[in-house]
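1. The amino acid sequence is not available; the structure is as follows:
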């Protein structure tokens, strides 16, 4: 745990810088505006879900409870007919952006902790700025950028949206690398 006492400042500042960069990407720039679409007939769809008593959770449709069922002619016909999708329902109530932003900030701190841990235990004593930048940036990019790829592979997120999030992750990795390179303790 010595790495935490040595690297607490770059951990926290990288989290703050990533938080600011993400706010710019998602609130000030139009880059992510088209990531989501409204569903046609939204009111009727929502009424139907309420009437069916669907609770918050993750749903897949068509749903097969086993691979054997997935191979049945009935399921194959459902997949051919469509639609196919994943639905995530949250509890009803107003959107609590404060809660989501706090969770995001805590996530950036957790990423910073893992970046610090890996860099602290892998870098030689007194590394150059560029070496710290490369190592910490690569680790942060893996956490922020590459981690979104399974969303397209398994959940059907468009590859265009995933590419935008990979770009975000690249910037977050560079921001993290800059903070760690700048604030890396000289006597480690």
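-> Noted; the coordinates are in hand. All figures in this text were calculated on a predicted structure; none of them were measured in a lab.
2. Would you mind measuring from the spatially most central residue of the chain to residue 173?
-> Using C-alpha atoms, centre = their mean, the residue of the chain that lies closest to the mean C-alpha position is residue 148, 5.8 Å off. Separation of residue 148 from residue 173 (C-beta to C-beta, to the nearest Å): 13 Å. Yep, even glycine has a C-beta here, placed from its N, CA and C like the rest.
3. Tell me how far the closest residue to the residue nearest to the centre of the chain other than its chain neighbours lies from residue 154.
-> For residue 148, ignoring the flanking residues on the chain, the nearest one in space by C-beta to C-beta, 6 or more residues apart in numbering is residue 165 at 4.3 Å. Going from residue 165 to residue 154 by C-beta to C-beta gives 15 Å.
4. Run a quick neighbour tally on residue 170.
-> Using other C-beta atoms under 10 Å, residue 170 is surrounded by 16 other residues.
5. residues contacting it?
-> Residue 170 sits next to 141, 145 when contact means C-beta atoms under 8 Å, 6 or more residues apart in numbering.
6. what about 10 Å?
-> Going by C-beta atoms under 10 Å, 6 or more residues apart in numbering, residue 170 touches 137, 140, 141, 144, 145, 146.
7. Of those residues, select the buried ones using a ChimeraX command.
-> Entered in ChimeraX, the line below selects the buried ones among these, by 16 or more other C-beta atoms under 10 Å:
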select :137,140,141,144,145
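8. out of the contacts of residue 170, who's nearest residue 20?
-> Closest to residue 20 out of these is residue 144 (14.1 Å), distances taken as C-beta to C-beta.
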